[in-house]
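Enquirer: Just a sequence and a predicted model for now, questions to come.
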Amino acid sequence: MEHYRTSFMNEIIVGQKRRKLNSRLDKKLILLGVEGKNSTEASYFLNFNRLQNTYRIKIAKGRDTHLLSIIDELNLCRKDTDFKKGDLMYCIFDLDNDPYKIKVADELIKKYRKQDIIFLYSNPCFELFFLWHFIYSTKPYSNSRKVITDLKKHMPYYEKNINCFHSLFSKIEIGIRNSENIMFYHSRHKQFGIYLNPVTKVHVLVKLLFSFIQR
């Protein structure tokens, strides 16, 4: 009887290991192209690899901050990866309230949108999404430094390149909701497109990944 119980438990353990292996193999892929100057976006999104089993997130990170270089690196990574139907590519970048950068980004988005790249921009910066975990505000910002100044009122320890995912996780639904509501605010005022300020579209990907944590 003891031998039978031991064999049965071993079968369960082996089955669990197989299911875990199959789960990893069955994961769809998300390729993220991010700016090379910092790892804020990369470190934030990589946390989702441990919290959901639907997508495996891989960073196609170059050393350049120019959007065209990020797109090129993303396409190179796609060629070097077993990219399949159902996999996704996102390009995440800041506009810094820079008219030239916004103009170039607008042109590149129109040019590359047919390559299945989803562009998630922030104006002026990614940290808007962090800030909106704490407040709803349509206040425009002239530069990224002022966004971080406001964010530090709620997260005094915040610095670029730190991994603050766990500090913000309990408020993630607030951040998503505020980001969506600010988009609605712009649309109600007939304001559309890449020239919006403030705006961030990163909540689109966050909402997708967060939905799989809840399942």
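Expert: Okay, I see it.
Enquirer: Helices along this protein, start to end?
Expert: In the chain, the helices defined using DSSP state H lie at 2-26, 40-46, 67-80, 99-112, 127-131, 144-151, 165-168, 172-188, 203-213.
Enquirer: so what secondary structure elements neighbour the fifth one?
Expert: Helices and strands touching helix 127-131, by 3 or more Cβ pairs under 8 Å, 6 or more residues apart in numbering; DSSP states H and E, are helix 144-151, helix 172-188, strand 199-200. Quick note: C-beta positions are derived from backbone N, CA and C, even for glycine.
Enquirer: what stretches of the chain score poorly on pLDDT?
Expert: For the chain, the stretches with pLDDT under 70 are 1-25, 37-38, 214-215.
Enquirer: neighbours around the residue nearest to Ile57 when sequence neighbours are not counted, how many?
Expert: Closest residue to Ile57 apart from its sequence neighbours, by Cβ to Cβ, 6 or more residues apart in numbering: Ile30 at 4.9 Å. When neighbours are defined as other Cβ atoms under 10 Å, Ile30 has 22 of them.
Enquirer: Tell me if I'm right that Ile30 and Arg56 touch.
Expert: Yes. Using Cβ atoms under 8 Å, Ile30 is in contact with Arg56, at 7.1 Å.
Enquirer: for the helices of the chain, which one ends up most surrounded?
Expert: Of all the helices of the chain, helix 127-131 has the most neighbours on average by mean count of other Cβ atoms under 10 Å, namely a mean of 25.
Enquirer: And for that one, what's in contact with it?
Expert: The contact list for helix 127-131 (Cβ atoms under 8 Å, 6 or more residues apart in numbering) reads 40, 122, 137, 141, 144, 147-148, 150-151, 154-155, 158, 164, 168, 175, 179, 198-200, 202-203, 206.
Enquirer: mind running it again at 7 Å?
Expert: If you take Cβ atoms under 7 Å, 6 or more residues apart in numbering as the criterion, helix 127-131 is touched by 122, 144, 147-148, 150-151, 164, 168, 175, 179, 198, 200, 202-203.
Enquirer: Next one: Asp82 from Leu31, what distance?
Expert: Applying Cβ to Cβ, to the nearest Å, the value for Asp82 to Leu31 is 11 Å.
Enquirer: Show me which of those two is the more surrounded one.
Expert: More crowded of Asp82 and Leu31, by other Cβ under 10 Å: Leu31, with 22 against 7.
Enquirer: which residues sit in contact with the more buried one?
Expert: By Cβ under 7 Å, 6+ apart, Leu31 lies in contact with Lys58, Ala60, Leu74, Cys77, Arg78, Thr81, Met89.
Enquirer: Neighbours of the closest residue to it other than its chain neighbours, how many?
Expert: Spatial nearest neighbour of Leu31, chain neighbours left out: Met89 (4.7 Å); criterion: Cβ to Cβ, 6+ apart. Applying other Cβ under 10 Å, we find 22 residues neighbouring Met89.
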